[in-house]
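Asker: Attaching a predicted model along with its sequence, questions to come.
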Amino acid sequence: MFIAMNRFKVAPGREDEFEKMWLKRDTHLKEVLGFHEFHLLKGPEGEDYQLYSSHSTWDSKEAFDARIQSEAFRRAHHGAKTKEGMYIASPTFESFEVLQTVTKA
């Protein structure tokens, strides 16, 4: 399994706009082979930003990488533009290969 995450530092006063932008869009992720689930997370408030993260799980890194070539990816990102001043800094991408999973059975 593979996990992909983006961290967003959203400028004060832009939180509602950021959340609406993400919550109203159709990600088309359910159509992508190897996709498991997606979470939009709201984290702690920093001194000059609100932290958010997107978190998605995939069969493998190859499945995650292949999504960029998919029609679903093109549809999900068509016309997507971040409004100026929404972020304190560029989003930070992080990825992880899952070594262990513990579930409540």
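Answerer: Alright, I've got the coordinates.
Asker: C-alpha only now, for contacts and for neighbours.
Answerer: Noted.
Asker: beta partners for the residue lying closest to F64 once chain neighbours are set aside?
Answerer: Of all residues beyond its chain neighbours, the one nearest F64 is W58 (6.2 Å), with distances taken as Cα to Cα, 6 or more residues apart in numbering. Beta-bridge partners for W58, by DSSP bridges, are F2, F35.
Asker: Report the contact partners of W58.
Answerer: When contacts are counted by Cα atoms under 8 Å, 6 or more residues apart in numbering, W58 touches 1-3, 34-37, 64.
Asker: List buried members of the residues you listed by neighbour count.
Answerer: 1-3, 34-35, 64 (16 or more other Cα atoms under 10 Å).
Asker: and of those residues, the nearest to L99?
Answerer: For the buried ones among the contacts of W58, the minimum distance to L99 (Cα to Cα) is 8.1 Å, reached by M1.
Asker: if we can go back for a sec, any chance of the contacts of W58 in CSV, plus distance to W22 and pLDDT?
Answerer: Formatted as CSV, these follow (distance: Cα to Cα, whole Å; pLDDT from 0 to 100):
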residue, distance to W22, pLDDT
M1, 24, 96
F2, 22, 97
I3, 19, 98
G34, 22, 95
F35, 18, 95
H36, 18, 96
E37, 15, 96
F64, 19, 94
